[in-house]
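J.: Would you be able to build a 3D model of this:
(one chain, ligands or ions: 1)
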Amino acid sequence: MKENINLSNLPKHIAVIMDGNGRWAKKQGAMRIFGHHHGIKSVRETVEGCVELGVKYLTLYTFSTENWNRPKLEVEGIMQLLIKTIGEEVPDLNKNNVRLKAIGDLDSLPKSARKTLQDSIDLTKNNTGLTLTLALSYSGKWEIVEVTKKIAQQVKSGALAIENITEEVFASFLATEKAPDVDLMIRTGGDHRISNYLLWQLAYAELYFMDDLYWPEFRKQHLFGAIYEYQQRERRFGKTSEQLPSVKV
Ligand code: FPP
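T.: Numbers count the residues shown, from 1 in each chain. Now for the predicted structure:
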């Protein structure tokens with residue numbers, strides 16, 4: 001499948017909703033946290049696949065604002081898993097020239113998770129290949145409200161005039177900063193929804209829903225399959241087919 005991918009038409013930014021860990025674990029007769037642990041292998045494969053191809057931005061929905069409402073034991077399990085994994089992965093991230101970032105209400109994370117995260121972000125900040133962003137305690141509506149507050153502050157202080165608020169100005173305040181909008185959004189686990197993820201950045205994303213696959217089963221070949229399918233789609237951005245430049249393969 002990798003050979004079929006056109007490297008000159010890669011999605012610049014891929015976002016993933018890693019869904020189905022709990023159901024996968026249940027199928028094995030195990031606790032939900034078992035599924036999250038197995039999801040780490042899928043994360044590694046996805047990062048490696050992006051590095052191999054040269055994708056520049058990968059954003060993973062790791063923990064949503066709404067996930068705080070899960071049973072306490074599961075939330076603690078996910079936080080411990082995060083701390084352990086993020087710390088352990090730094091050498092591999094550096095080896096692969098991957099820069100780690102995080103978006104979300106990071107102040108709401110346990111102190112130990114915040115520290116490991118910040119250390120790993122600092123240790124990888126000079127890497128120039130893939131930017132791997134973890135969305136943690138994140139929701140798209142939260143992000144839009146945060147941007148609104150920042151813009152309101154600037155207007156209030158006189159730094160920004162209302163008539164100068166454009167889409168570009170708005171986007172410059174987003175947590176994803178300089179990352180381009182998402183080109184391809186992949187969701188495993190069978191649900192066909194966006195679940196409050198990157199609401200602004202997904203405006204023109206191609207959506208790829210995997211009906212028969214839970215996140216712990218996701219492998220590089222699935223990533224390559226999704227990218228291949230993305231390349232078969234015509235992205236018109238509101239134009240007609242005839243107005244589009246013909247893509248040379
Ligand atoms: C969704 O499956 C998964 C999560 C809420 C957690 C995902 C976290 C990981 C895979 C760990 C990632 C770690 C790093 C370092 C990126 P679900 O629990 O909603 O599954 P269900 O829909 O079957 O209940």
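
J.: can you map out the strands along this structure?
T.: With strands called from DSSP state E, the chain shows them at 13-17, 57-64, 99-103, 131-138, 184-187, 206-209.

J.: on contacts alone, who are the packing partners of the third one?
T.: What it means is strand 99-103. Secondary-structure packing of strand 99-103 (3 or more Cβ pairs under 8 Å, 6 or more residues apart in numbering; DSSP states H and E): helix 72-95, helix 111-124, strand 131-138. Where you see a C-beta, it was placed from the backbone N, CA and C, and this is true even at glycine.

J.: Partner strands of the shortest one and their direction?
T.: Strand 131-138 pairs in its sheet with strand 57-64 (parallel), strand 99-103 (parallel), by DSSP bridges.

J.: returning to that earlier point: okay if I get the strands of the chain as TSV plus distance to Leu93?
T.: Output for these, formatted as TSV (distance: least, Cβ to Cβ, whole Å):
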stretch	distance to Leu93
strand 13-17	17
strand 57-64	12
strand 99-103	6
strand 131-138	7
strand 184-187	21
strand 206-209	25
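
J.: Okay, the residue positioned nearest the centre of the chain and the ligand: tell me how far apart.
T.: By Cα atoms, centre = their mean, the chain has its centre lying nearest to Thr59, at 1.9 Å. Counting by Cβ to the nearest ligand atom, to the nearest Å, the gap from Thr59 to the ligand is 11 Å.

J.: what are the phi and psi angles of the residue of the chain positioned farthest from its centre?
T.: In the chain, Gly158 marks the outermost C-alpha relative to the chain mean, sitting 34.2 Å out by Cα atoms, centre = their mean. When read as degrees, to the nearest 10, the backbone of Gly158 gives phi 90, psi 0.

J.: Now do the contacts for it.
T.: Residues counted as contacts of Gly158 (Cβ atoms under 8 Å, 6 or more residues apart in numbering): none.

J.: Get me the contact residues on the chain for the ligand.
T.: Within the chain, the positions adjacent to the ligand are 18-23, 36, 39-40, 43, 60, 62, 67, 78, 81-82, 85-86, 134, 189 by Cβ under 6 Å from any ligand atom.

J.: Now, of those residues, which are buried?
T.: The neighbour-count test (16 or more other Cβ atoms under 10 Å) marks 18-22, 36, 39-40, 43, 60, 62, 67, 78, 81-82, 85-86, 134, 189 as buried among the residues of the chain next to the ligand.
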